[in-house]
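Novice: Build me a model from this:
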Amino acid sequence: MPLRIKGPRISRGPLMSRSELRLALTTGLVNAFGSISGLADSYYSAMTVPAVLAGNYGGSIELGKQRILGSLLGSVVLVVGLYGLKGIPIPLGMAISMGCLRLLGGLLGLKVGYKAGGLLLVMGWLAHSSQLTSWIPLRLAWTIFGILVALLSLQWFWPSRAFEQTLMALAALSLQVQANLQDLAKRIDPGEFHVAPRSQSTNQLAPLRSGLMAARRIVPDLLLELGSNPKRHPSYRLVRLLDNAHSRLIGSVIGLERRPPAFSGDQDLLRQLHQAEHDLLQQLAERLGQWASIFAKGGVRLPAPPKAPMVWPQSWMDVESLFSDPRSNQAS
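Specialist: Modelled structure (predicted):
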């Protein structure tokens, strides 16, 4: 009787995400249009779509610019190298041309565009050297067509905007900070005179920093989407404000993680301080949950703040009034 070994079940997600489905449909439509048009080299447009279709509209704009500049630079180097290096062997001439292309691409600040230029140079040199006057314009036209279709698909077909992605990243970060604040509140027992150690030994602060960096990595794409003078746009100013607020919250959480010094004073005062800190952390965690639900809605418009203003806990107000009263300071 054969033995059956039961392994852990692997949870499978959806077979295809929205971005993957959009990529497949856009590439298929571009390829079909190129085949129906009857023009030569239409497959270059289908090759351009996956290379340009990034996670959001701003990133695709940058990749499209890089690919067009790289193709133009590759065309110039191809023509100069093909006619200027006729007297040397083809491998050596191509190697010199590729080196010049990489050098010029670096000087122009191209990050990925020189790859498209290198492909154009190699294909033009080996397969289309006798028809460069017709092949290069057609190749550039198909490249530009693929870029335009990719950008249109990002706008019309499940739109992907950097502003929405930034808000989603901030929503996830807010939930992480909320979980840490709730954990800190549970550690504080108002009836005792100490702060309990963390129940988990794993470091929970590293995900906060990585979440903040993930939101910051989308900001360059957001600047490209906002057009001219983007740093004065309300969306960018809101993102910078939220970034600063989350950075301060993470710094506060790191500071609260440290064990407080021993206290040998009035035990009633210590109990009151613990109660105020516990209530304040719970209130802040609840407020962060409200902001996270607002950020998670996304949208191209600026999110509206919660309707009800934040109400400070009465225990915290009592502690503030206690320390701001000159008579209590003189008594102590």
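
Novice: Let's see the one helix or strand Ser321 maps to as PDB, backbone CA atoms only.
Specialist: Assigned by DSSP states H and E, Ser321 falls within helix 314-324. The C-alpha atoms that make up helix 314-324 are tabulated as PDB, following Å, rounded to 0.1, in the frame of the first residue of the first chain:
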ATOM      1  CA  GLN A 314      -9.900  63.400  30.200                       C
ATOM      2  CA  SER A 315      -7.200  61.600  32.100                       C
ATOM      3  CA  TRP A 316      -4.600  63.200  29.900                       C
ATOM      4  CA  MET A 317      -6.100  66.700  30.300                       C
ATOM      5  CA  ASP A 318      -6.100  66.200  34.100                       C
ATOM      6  CA  VAL A 319      -2.300  65.400  34.000                       C
ATOM      7  CA  GLU A 320      -1.600  68.400  31.800                       C
ATOM      8  CA  SER A 321      -3.500  70.700  34.100                       C
ATOM      9  CA  LEU A 322      -1.700  69.100  37.100                       C
ATOM     10  CA  PHE A 323       1.700  69.800  35.700                       C
ATOM     11  CA  SER A 324       0.800  73.300  34.400                       C
END
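
Novice: In the stretch 1-150 of the chain, where is pLDDT below threshold?
Specialist: By pLDDT under 70, the low-scoring segments of the stretch 1-150 of the chain are 1-16.

Novice: Recalculate using a threshold of 50.
Specialist: In the predicted model, the stretch 1-150 of the chain carries pLDDT under 50 at residues 1-13.

Novice: and stretch 131-141, which residues are buried?
Specialist: Neighbour counts using 16 or more other CB atoms under 10 Å place Leu132, Trp135, Ile136, Leu138, Arg139, Leu140 of stretch 131-141 among the buried residues. All C-beta atoms are positioned from the backbone trio N, CA, C, and that covers glycine.

Novice: Which of those sits closest to Ser228?
Specialist: Nearest to Ser228 out of the buried residues of stretch 131-141 is Leu140 (CB to CB; 26.1 Å).

Novice: Leaving out chain neighbours, which residue sits closest to that closest one?
Specialist: Distances taken as CB to CB, 6 or more residues apart in numbering put Ser71 closest to Leu140, at 5.7 Å, once the chain neighbours are dropped.

Novice: ditto for Ile90
Specialist: Counting by CB to CB, 6+ apart, Trp125 is the residue found nearest to Ile90 once chain neighbours are left out, at 7.4 Å.

Novice: Surely that neighbour is in a helix?
Specialist: Yes. Judged by DSSP: H, G, I helix; E, B strand; the rest coil, Trp125 forms part of a helix.

Novice: wouldn't it be in contact with Pro91 here?
Specialist: No. Using CB atoms under 8 Å, Trp125 is not in contact with Pro91; the gap is 10.5 Å.

Novice: Looking at the two, which one has more neighbours?
Specialist: Trp125 (20 against 8; other CB atoms under 10 Å).

Novice: For the more buried one, give me its contacts.
Specialist: Counting by CB atoms under 8 Å, 6 or more residues apart in numbering, Trp125 touches Leu78, Gly81, Leu82, Ile90, Gly93, Met94, Ser97.

Novice: Please enumerate the strands of this structure.
Specialist: Remark: no strands are assigned in the chain by DSSP state E.

Novice: Spatially central residue in it, please.
Specialist: Ile218 (3.6 Å; CA atoms, centre = their mean).

Novice: Do I have it right that that residue meets Gln165?
Specialist: Yes. Applying CB under 8 Å, one finds Ile218 in contact with Gln165, separated by 5.3 Å.

Novice: Need the overlap of contacts for these two.
Specialist: With CB under 8 Å, 6+ apart, Ile218 and Gln165 have common neighbours Asn56.

Novice: If any of the contacts of Trp125 are buried, give me the PyMOL selection for them.
Specialist: Selection of buried members from these for PyMOL, criterion 16+ other CB under 10 Å:
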select buried, resi 78+81+82+93+94+97
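
Novice: could you list every residue that touches Ile218?
Specialist: Contact analysis of Ile218 by CB under 8 Å, 6+ apart lists Asn56, Ala162, Gln165, Thr166, Ala169.

Novice: Could you count how many residues lie near the first one?
Specialist: Neighbours of Asn56 under the rule other CB under 10 Å: 22.

Novice: Give me the nearest residue to Ala54, chain neighbours excluded.
Specialist: Nearest non-adjacent residue to Ala54, counting by CB to CB, 6+ apart: Ser60, 4.7 Å away.

Novice: repeat for Asp279
Specialist: Looking at Asp279 with CB to CB, 6+ apart, the closest residue is Pro313, at 3.7 Å.

Novice: count of neighbours near that neighbour?
Specialist: Pro313 has 18 neighbouring residues, counting by other CB under 10 Å.

Novice: Hmm, Gln283 and it touching each other?
Specialist: Yes. Taking CB under 8 Å as the definition, Pro313 is a contact partner of Gln283 at 5.5 Å.
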